[in-house]
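*Asks:* okay, here's the prediction I keep looking at, along with the sequence it came from:
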Amino acid sequence: MKRFIFGSALFIIPIIGCFIFFEWKCRDCLAFVKKRNYIVSSLANIQIIATGTSHIEFGIYSENEHQIYNWGAAGQSFGYENALFDRYINQMKSLKVVFIEVSETRLLMNDEVSQWSSNVYWIHYGLPYNVNVLDPRSYFHLTQAYDFFRPIVINDLTKKNDRVEVNEAGYMVENHDGRFELLSFNKNEIEKTFKMVYDFDEDSVVIAANLLHLERTINLLKSKGIRVILLHPPFYYTFNRSIPQELVRRLQNKVQDIARFKKVEFWDYTWSMEDGVQYFYNDNHLNKDGARKWTSVLCDSLVNLSIH
């Protein structure tokens, strides 16, 4: 019996050790974790925040006097956003302005699509939103989406250069080449090879749920005396013109209705950089130069707030 137990231990312990090592590597090298650490350590001092999906994640780059903290993340829905502010708002003693992304892709985002996102927010922020906290798999990256985390961990272990970094203001610094750079910023090639990767299926239930979360976030922020600005990020024209325009009008009308009803601002930059091919990473994300330019425009628009 002792020999069986000893043999079993020799077999099981290395497996457990490997699991612990790779789980630790997932948590150690994810840019998501670094961003979380920056914001949690700076909660009391942050004055301006921009939240949203990867359009904010790659679109806000703070080097300015009026620093905008970038709290965007790929797939970050209105529901996660509301849960984040609900948890941390009372620690944000200096917060004065919040930009909230209201792009069409975000308004059509269904939380049920990517369950791994829910687990990531549960693991790193302790948010119970949209996750089964009683499921042991939700506590570990390796038990629910290692196909996503595996290349990140491998890149970290092999010290490859295509890792994603994050600066102290939350900006995601992408080191590998984007689609536009790979095409040498050739407008004809960009247009010829463009393929829409989003499904603009108009689901009224999903839209209503997202708008409800947005309204809850606005109510929470305004109750603390925080200025809320709804923000549509810039897209390149190949992306803009491929979104059904009637859908764009309907969704923007809904956003404008909320802005009027809640007495908040809506700043629409959808077409503002459509011809600046040199400012884009791909058809709907800014590169570092574009992020610098757009962030500067936003900061210039906040001058009258006298934020120091």
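*Replies:* Sure, I can see it. Numbers count the residues shown, from 1 in each chain.

*Asks:* CA only for contacts and neighbour counts going forward, please
*Replies:* OK.

*Asks:* any idea which residue sits dead centre in the protein?
*Replies:* residue 73 (1.6 Å; C-alpha atoms, centre = their mean).

*Asks:* give me the pLDDT value at it.
*Replies:* We have a pLDDT of 90 for residue 73.

*Asks:* that one touches residue 57, doesn't it?
*Replies:* Yes - Residue 73 lies in contact with residue 57 (C-alpha atoms under 8 Å); the separation is 5.4 Å.

*Asks:* what's the longest helix in this protein?
*Replies:* Secondary structure of the chain read by DSSP state H shows that its longest helix is helix 2-29.

*Asks:* pLDDT on that one, on average?
*Replies:* Averaged over helix 2-29, pLDDT sits at 78.

*Asks:* pretty sure the residue nearest to the centre of the chain belongs to a strand, no?
*Replies:* No - counting by DSSP: H, G, I helix; E, B strand; the rest coil, one finds residue 73 to be coil, located in no strand.

*Asks:* any idea how far residue 71 is from residue 141?
*Replies:* 21 Å (C-alpha to C-alpha, to the nearest Å).

*Asks:* looking at these two, which is more packed in?
*Replies:* Shown here are residue 141 and residue 71; by other C-alpha atoms under 10 Å, residue 71 has more neighbours (26 against 22).

*Asks:* for the more buried one, phi and psi?
*Replies:* Phi and psi for residue 71, reported as degrees, to the nearest 10, are phi -110, psi 20.

*Asks:* sorry, back to before: what residues sit buried inside the longest helix of the chain?
*Replies:* 22, 23, 25, 26, 27, 29 (16 or more other C-alpha atoms under 10 Å).

*Asks:* what does stretch 127-145 give?
*Replies:* Those would be 127, 129, 130, 131, 133, 138, 139, 140, 141, 142, 144, 145, for stretch 127-145 by 16+ other C-alpha under 10 Å.

*Asks:* so how far does it reach from one end to the other?
*Replies:* Terminal residues of stretch 127-145 lie 18 Å apart, using C-alpha to C-alpha.

*Asks:* could you find the closest non-adjacent residue to residue 225?
*Replies:* Leaving aside its chain neighbours, residue 225 sits nearest to residue 96 (7.5 Å; criterion: C-alpha to C-alpha, 6 or more residues apart in numbering).

*Asks:* tell me who's in contact with the residue nearest to residue 142 when sequence neighbours are not counted.
*Replies:* Distance criterion C-alpha to C-alpha, 6+ apart; nearest residue to residue 142, sequence neighbours excluded, is residue 23 at 6.2 Å. Residue 23 is in contact with 140, 141, 142, counting by C-alpha atoms under 8 Å, 6 or more residues apart in numbering.

*Asks:* cool, residue 112 as well?
*Replies:* residue 130.

*Asks:* please name the nearest non-neighbouring residue to residue 19.
*Replies:* Nearest to residue 19 is residue 142, by C-alpha to C-alpha, 6+ apart, at 7.7 Å.

*Asks:* which pLDDT value belongs to that neighbour?
*Replies:* pLDDT, read off for residue 142, is 84.

*Asks:* residue 307 too?
*Replies:* pLDDT, residue 307: 53.

*Asks:* do residue 81 as well
*Replies:* 96.
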